[in-house]
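Participant: the sequence and its predicted three-dimensional model are supplied below.
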Amino acid sequence: MVDQRRTERLDQPRAPRGFRLPRIDQETFGRVAEGIARGMGTANFLVYMTLFLTAWFLWNTLAPANLRFDPYTFTFLTLVLSLQASYAAPLILLAQNRQADRDRVALEEDRRRATLQKADTEYLAREIAALRIAMGEVATRDFLRSELARLAEELDEAAERRRKLERKQQHREARRQAGGEPLDEPRDDLDGDYARDGRFEG
C-alpha cells in the first residue's frame, strides 16, 4: 500500500479509467457519409430500391409458405426501412454540414479576393487620376509636333534668307572684280539680318 502511494504523483493527471470508445477519423467518416448521401440521391438508388422492394413483396407473397421469411404484414421489411431511414437522415445531415463548411470557406475566400480586387482597383484608379493630373502639365504629342513644325519653318526661312544674301554678296564681289563700281542699293531687311549674323557689314 505504501509503495502504491509513493508511485502516484500529484503533478501528473490520472489515466482515465473505464470503458473508452474507439476514436474515429472525422475526415474519413465524413467522406464516407458524403459518398453514401451522394449515392442515395441518385436515380440508380431509387431504381435498385424499387426492384429490391418488389422482389421482397413477390417472394413473401407468391413463394411457398415454408420459404416466406417475412409474411404479409412485412414486419421485418418495416424494421429494415426504419433502420435505413434512421441512418440515412444523420448521414445526409452530416454531408450537408460538410458542404456548408466548404461553402463558408469558399465564401470567405471569395470575400477576401473581392476585397483585394477592390483595393487594387482603387489603387489603380488613384494612379490613373495622378497620371492624368501629371499629363496636364506635360507636353503632348500634338503640341510637340506643332512646335517642331514651327521651328522647321523658321529654320527654312532663315536658310532661304541666308542663301539670298550670299547670292547678293557674290554678285557685288563679281562687280567689284570686274571693275565696275558698286551700285548704292538701299539695304533691305535681308541685309540687316545678314549684318546681324556677322557675315556682312555695310
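Facilitator: Structure received.

Participant: residue 40 contacts residue 92, correct?
Facilitator: Yes: with contact defined as C-beta atoms under 8 Å, residue 40 reaches residue 92; the gap is 7.3 Å. C-betas here are computed from N, CA, C, even on glycine.

Participant: and the helices in the chain?
Facilitator: Taking DSSP state H, the helices of the chain run over residues 2-7, 26-40, 43-62, 75-135, 141-177, 189-197.

Participant: out of those, nearest to residue 17?
Facilitator: Across the helices of the chain, the minimum distance to residue 17, taken as C-beta to C-beta, is reached by helix 2-7, at 15.1 Å.

Participant: list the contacts for residue 65?
Facilitator: Residue 65 makes contact with no residue under the criterion C-beta atoms under 8 Å, 6 or more residues apart in numbering.

Participant: residues near residue 95, how many?
Facilitator: Other residues within reach of residue 95, judged by other C-beta atoms under 10 Å, total 21.

Participant: name the nearest residue to it, sequence neighbours excluded.
Facilitator: The shortest distance from residue 95 to any residue other than its chain neighbours is 3.8 Å, reached at residue 37 (C-beta to C-beta, 6 or more residues apart in numbering).

Participant: distance of the one you found from residue 102?
Facilitator: Relative to residue 102, residue 37 is positioned 14 Å away (criterion: C-beta to C-beta, to the nearest Å).

Participant: looking at the two, which has the bigger crowd around it?
Facilitator: Shown here are residue 37 and residue 102; by other C-beta under 10 Å, residue 37 has more neighbours (19 against 10).
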